[in-house]
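> Fold the following, please.
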Amino acid sequence: MHNELTKIDIEKMRAEIDERIAARPKLKEAVRAARELGDLSENDEYRSAKREMNRNNSRIRYLENMIRTAVIITTDSADDVVGLFDEVTIYYPEDDEERVIRIVTTLRRDVFKDCISKESPMGAALLGGRVGQTVTVHVKDGVSYPIEIRAIKKGTDDDTLPIAKY
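Below you'll find the predicted structure:
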């Protein structure tokens, strides 16, 4: 499966890779210094430094794989249709509640900031929808709920949205 990402997603990942590669010498030095502290079987500093170095290398591999398998997508959509990076006012009829969310790529999802992945059940249900339309969000077999699209504010792919760290 390919990762559908924007050009800005790719740029952000390359920037993080560069930062992490630049951090490698410092991490290696921390491992070396911790190793000199003595018995490795009881050396928490060594285990911690080693874990941090491995985590850094793992993240580099993950980001490189994401870039290698990426399919570049555009954010263009019609003015009256929910598209990527649009702010969408939705209404939950069952709860009589309204909420504004933003549809983003999976790499920039953040539910605490109401940035919903286009691949999530809600994002997938909303993409392509129009104002006044009621769509059904299918969470899993036998579990779904309706939401109404109340407003669409067209958005753009800006670099202020960070990529998810882990």
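> now what about stretch 41-60, what contacts it?
Contacts to stretch 41-60, defined as C-beta atoms under 8 Å, 6 or more residues apart in numbering, come from residues 16-17, 20-21, 23-24, 27-28, 30-31, 33-35, 37, 40, 166. From N, CA and C alone the C-beta is placed, and that goes for glycine too.
> what does stretch 96-107 give?
In contact with stretch 96-107 (C-beta under 8 Å, 6+ apart) are residues 3-6, 9, 12-13, 66, 73, 82-92, 110, 114-119, 122-123, 126-127, 150, 155, 161, 163-164.
> Just the buried ones from the residues you listed, in PyMOL syntax?
In PyMOL, this line selects whichever of the contacts of stretch 96-107 come out buried by 16 or more other C-beta atoms under 10 Å:
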select buried, resi 3+4+5+6+9+12+13+66+73+82+83+84+85+86+87+88+90+91+115+116+117+118+122+123+126+127+155+161+163
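> Return the subset of the contacts of stretch 96-107 lying in helices.
Per DSSP state H, helices hold the following members of the contacts of stretch 96-107: 9, 12-13, 66, 122-123, 126.
> just the residues you listed now: which is nearest residue 140?
The nearest member of the ones in helices among the contacts of stretch 96-107 to residue 140, counting by C-beta to C-beta, is residue 122 at 13.0 Å.
> how about the closest one, what does it touch?
Residue 122 touches 101, 116, 137, 147, counting by C-beta under 8 Å, 6+ apart.
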